[in-house]
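Asks: need a 3D model of the following:
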Amino acid sequence: MTDVHRTVDAVWKLESAKIVAGLTRLVHDVGLAEELAQDALVSALEQWPDSGVPDNPGAWLTAVAKRRAVDHIRRARRLELGDERLTREANQPPDPERDDVLRLMFVSCHPILATEARVALTLRLIGGLTTAEIARAFLTDERSIARRVAEAKRVLAEARVPFELPRGPELAGRLASVLEVVYLIFNEGYSATSGDDLTRPALCLEALRLGRLLAELAPYEAEVHGLVALMEIQASREAARTGPSGEPVQLHEQNRGRWDRLLIHRGFAAMLRARQAGGTPGPYVLQAAVAVCHAQAASAEETDWARIAGLYEALALLLPTPVVRLNQAVAVGMAHGPQAGLDLVESLTGDPALRDYHLLPGVRGDLLARLGRYEEARLEFERAARLTGNAAERDFLLRRAEGFALPGTDGPTLGQAVRGFLAREDLDSGTSRSYGQTLRRLCLALGERVPLTSMTPEHVARVFETAWGGSAARTWNRHRSAVRSFCAWASLGDLSALLDRRAETGPPAEMIDPARLAALWGRDDLPVRELTLWRLLHESAAGVRAVLALNVEDLDLEDRRALSGGVWIGWRSGTARLLPRLVAGRAHGPLFLADRRPGPSRRPAPADLCPETGRGRLSYERAEYLFKRATRSLDPSGEGYTLRRLRPR
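Replies: Here you go, the predicted model:
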């Protein structure tokens, strides 16, 4: 039985994309096609243990799935062709399988879907991975992945995305989306964004398989071969990228004898095919050319950094993203000296896209160390360690920071002062949470160990422009007020001197149209927490922060009211039906809880922590994000509504 199950799993991994693609061509619905394919898989699990594995298991699964497709269409009476004609079409040899799978790839990576949905759907349909496998790969729960996949199928069905290959100018844009998804999967495996391990090899292998498949399906596209070459060469370094304890080993310190020569040769061959395809080099071909330069160098000292810097300059013209420019700064620093690289990095420090990107302070720290500015380098490595979500990378950065001596200071550091300020007993939980958001951003941007007396208004102004430059006036002023309060408490000069108060103007937000509200209340896919919060805000007309500040013990369920900050908040039947499900037997702690338990470094105040679940209070920012995401389909602008618009006027 176990051997049969393993065979079924292996066959499914190899054949599922072709089966689902062929069914999609027949039924014109990706979601239905996958259901039919899964039905055929269940039949195999039921029958093969007794009858044995067929000689051609892929053909067996395809035949069973197609018969079920024909039966389904007949039962649903959605048949536009005659039964006889449909049966004849189902039994005829399909269009070349390669074309069907390529069509399915373009559908699963359609730009109409959010990036995370494209990744999950591609791994599900093309990779043949189960929901549990995808969840494990991205360190998330199965429900989240299942929700992403289901939502992606729904969006594709509602948009009536055709099962066809794009033509003409549309092809380039759609192909770019497919390549982006494959490379995102590879990068998550090559350098995991979270968790304990530096890499997730299974994801790298899956991305390589998808890339090689795509290269077979689209043999005349240079960018496809460029991406394959890039992934092959990067994957060749896998064995040399970590030390005995799983710690990262930088490229220039790697033992190149451990690089996989077979993968390098495959990468060179893919690069040759990309050049033979002709045309102007695109982003993936240029990045692959950089990888080729590294692979051709017998040692780190022999690396042609001048050529790499030139390639990044060309890439920055074609794809002027902050990350590309940061990579260019690294290459320039190696080719023309650390000061030249640092000058480029300094021009990126105010870019909002790199605000929480740990490699920015990591690169800056490396360049500062090479210039002999060790104290500044240490602060940058510590800041990078706080920003990364990967445990192995965090330990590596902290070890680099410890390698530089930090002179003692006469006064407290920024981190020490912030912790003392937020620990004050005269701050209520809401104010402490608001101040904490501002001051933690300062710590992330400037470093917790920066001496408090060395901070200047220029430093603070740069952080504000990066973090909140495009925010509403009310948000800007709230953060400005937090800095002013902190400076007064710490007896500092006015670090907000360069921050002008912004005028808070604009008409009040209009209430959401009743018909759209009714559509929102009628959805059965919403979590009870979100639905309860939204109904309570609408029925009570209370402020968002006042409602989020409610505790379970504040509720009077019989009288339909609760006390928040000395003010009574009431509600009607819609909220009354939901509250018992939300409370679920809890007697104390915040009414609206965060999604997960807080980390040790972000422990909330006791008043904001549930003693029964260990989870903290739901933040205003998270609640706002969830509502905007849920109401994008209702909002004609496509941006989603703010929570304030639930409040009747």
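Asks: run through the residues that contact the residue nearest to residue 176 when sequence neighbours are not counted.
Replies: Excluding the flanking residues, the one nearest residue 176 by Cβ to Cβ, 6 or more residues apart in numbering is residue 223, at 7.8 Å. Backbone N, C-alpha and C define where each C-beta goes, glycine included. Taking Cβ atoms under 8 Å, 6 or more residues apart in numbering as the criterion, residue 223 is in contact with 175, 176, 179, 274, 282, 283, 284, 285.
Asks: what's the burial count for the second one?
Replies: Neighbouring residues of residue 176 were enumerated by other Cβ atoms under 10 Å; the total is 16.
Asks: for it, give its distance to residue 183.
Replies: Using Cβ to Cβ, to the nearest Å, residue 176 is found at 10 Å from residue 183.
Asks: again with the last one
Replies: Using Cβ to Cβ, one obtains 13 Å as the distance from residue 285 to residue 183.
Asks: ok, now the fourth one?
Replies: In this structure, residue 274 and residue 183 are 15 Å apart, going by Cβ to Cβ.
Asks: which one of residue 285 and residue 183 has more residues nearby?
Replies: Higher neighbour count among residue 285 and residue 183: residue 285, with 24 against 20, using other Cβ under 10 Å.
Asks: A helix includes the more buried one, no?
Replies: Yes. Counting by DSSP: H, G, I helix; E, B strand; the rest coil, residue 285 is located in a helix.
Asks: quick check: it touching residue 272?
Replies: No. With contact defined as Cβ atoms under 8 Å, residue 285 does not reach residue 272; the gap is 11.5 Å.
Asks: now for the contacts of residue 223: which two are most distant?
Replies: Looking at these by Cβ to Cβ, the two members farthest from one another are 176 and 274, with 15.3 Å of separation.
Asks: so where do the strands sit in this protein?
Replies: Remark: strands of the chain, listed N- to C-terminal, are 194-195, 389-390, 555-556, 561-564, 567-570; assignment by DSSP state E.
Asks: so which elements touch the second one?
Replies: Helices and strands touching strand 389-390, as assessed by 3 or more Cβ pairs under 8 Å, 6 or more residues apart in numbering; DSSP states H and E, comprise strand 194-195.
Asks: what does the average pLDDT come to for the strand it packs on?
Replies: If you average the pLDDT over strand 194-195, you get 63.
Asks: give me the below-cutoff pLDDT ranges for the stretch 401-550 of the chain.
Replies: 405-410, 505-509 (pLDDT under 70).
Asks: tabulate the strands of the chain (TSV), appending mean neighbour count.
Replies: Shown next, in TSV, are the strands of the chain (neighbours: other Cβ atoms under 10 Å):
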stretch	mean neighbour count
strand 194-195	14
strand 389-390	17
strand 555-556	16
strand 561-564	19
strand 567-570	15
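Asks: OK, contacts around the residue nearest the centre of the chain?
Replies: For the chain, residue 116 is the residue whose C-alpha lies nearest the centre (Cα atoms, centre = their mean; 6.3 Å). Contacts for residue 116 (Cβ under 8 Å, 6+ apart) come out as residue 148.
Asks: distance check, it against residue 634.
Replies: Residue 116 sits 21 Å away from residue 634, going by Cβ to Cβ.
Asks: what's around the closest residue to residue 16 other than its chain neighbours, how many residues?
Replies: In space, not counting the residues next to it along the chain, residue 16 is nearest to residue 128; the distance is 3.8 Å by Cβ to Cβ, 6+ apart. Other residues lying near residue 128 total 23 when counted by other Cβ under 10 Å.
Asks: got the phi/psi numbers for residue 128?
Replies: Torsion angles at residue 128 (phi, psi; degrees, to the nearest 10) stand at phi 70, psi 20.
Asks: and the pLDDT at residue 590?
Replies: The score at residue 590 is 93. That number is its pLDDT.
Asks: check residue 564 too.
Replies: Predicted confidence (pLDDT) for residue 564: 81.
Asks: show me what contacts residue 535?
Replies: When contacts are counted by Cβ under 8 Å, 6+ apart, residue 535 is found next to 521, 571, 574, 575, 578.
Asks: farthest pair within these?
Replies: Between all members of the contacts of residue 535, the longest pairwise span (Cβ to Cβ) is found for 521 and 571 and amounts to 13.9 Å.
Asks: residues contacting the closest residue to residue 241 other than its chain neighbours?
Replies: Across the structure, with Cβ to Cβ, 6+ apart as the measure, the residue nearest residue 241 apart from its sequence neighbours is residue 249 (5.8 Å). When the contact criterion is Cβ under 8 Å, 6+ apart, the partners of residue 249 are 240, 241, 242, 243.
Asks: how much space is there between residue 446 and residue 495?
Replies: Here the distance between residue 446 and residue 495 works out to 11 Å (Cβ to Cβ).
Asks: just residue 532 next, same as before
Replies: The value you get for residue 532 to residue 495, if Cβ to Cβ is used, is 40 Å.
Asks: and if you look at residue 38?
Replies: 59 Å.
Asks: more neighbours, these two?
Replies: For the pair residue 38 and residue 495, the greater number of neighbours falls to residue 495 (21 against 15), based on other Cβ under 10 Å.
Asks: which ones are touching that one?
Replies: Taking Cβ under 8 Å, 6+ apart as the definition, contacts of residue 495 comprise 455, 456, 457, 459, 460, 483, 487.
Asks: among those, name the buried ones.
Replies: With burial judged by 16 or more other Cβ atoms under 10 Å, the buried subset of the contacts of residue 495 is 455, 457, 459, 460, 483, 487.
Asks: give the contact list for the last one.
Replies: Which is residue 487. Neighbouring residues of residue 487 by Cβ under 8 Å, 6+ apart: 493, 494, 495, 496.
Asks: could those go into a markdown table alongside distance to residue 361?
Replies: As requested, those are arranged in a markdown table below (distance: Cβ to Cβ, whole Å):
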| residue | distance to residue 361 |
| --- | --- |
| 493 | 26 |
| 494 | 27 |
| 495 | 21 |
| 496 | 24 |
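Asks: so how do I select the buried members of the residues you listed in ChimeraX?
Replies: A single ChimeraX command suffices to select whichever of these are buried according to 16+ other Cβ under 10 Å:
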select :495,496
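Asks: which of the contacts of residue 487 lies closest to residue 311?
Replies: The shortest separation between residue 311 and any of these is 41.7 Å, and it belongs to residue 495 (by Cβ to Cβ).
Asks: tell me the spatial nearest neighbour of that closest one, not counting adjacent residues.
Replies: In space, not counting the residues next to it along the chain, residue 495 is nearest to residue 460; the distance is 4.6 Å by Cβ to Cβ, 6+ apart.
Asks: ditto for residue 64
Replies: Closest residue to residue 64 in three dimensions, ignoring its sequence neighbours and counting by Cβ to Cβ, 6+ apart: residue 40, at 4.2 Å.
Asks: residue 200 versus residue 390, what's the distance?
Replies: In this structure, residue 390 and residue 200 are separated by 11 Å, where distance is defined by Cβ to Cβ.
Asks: which residues are common contacts for the two?
Replies: residue 192.
Asks: buried set for stretch 615-630?
Replies: Neighbour-count burial for stretch 615-630, with 16+ other Cβ under 10 Å as criterion, is recorded at 615, 616, 617, 618, 619, 620, 623, 624, 626, 627, 630.
Asks: farthest pair in the residues you listed?
Replies: 616 and 630 (21.5 Å).
Asks: residue 574 against residue 540, yeah?
Replies: No. Because the distance of 10.8 Å does not satisfy Cβ under 8 Å, residue 574 is recorded as not touching residue 540.
Asks: between those two, which has more neighbouring residues?
Replies: Neighbour count, other Cβ under 10 Å: between residue 574 and residue 540, residue 540 has more, with 23 against 15.
Asks: thought the more buried one was touching residue 550?
Replies: No. Between residue 540 and residue 550 no contact is recorded; they are 10.1 Å apart, counting by Cβ under 8 Å.
Asks: enumerate every residue touching the closest residue to residue 350 other than its chain neighbours.
Replies: The shortest distance from residue 350 to any residue that is not its chain neighbour, by Cβ to Cβ, 6+ apart, is 5.0 Å, and that residue is residue 466. Residue 466 makes contact with 349, 350, 351, 352, 355, 445 under the criterion Cβ under 8 Å, 6+ apart.
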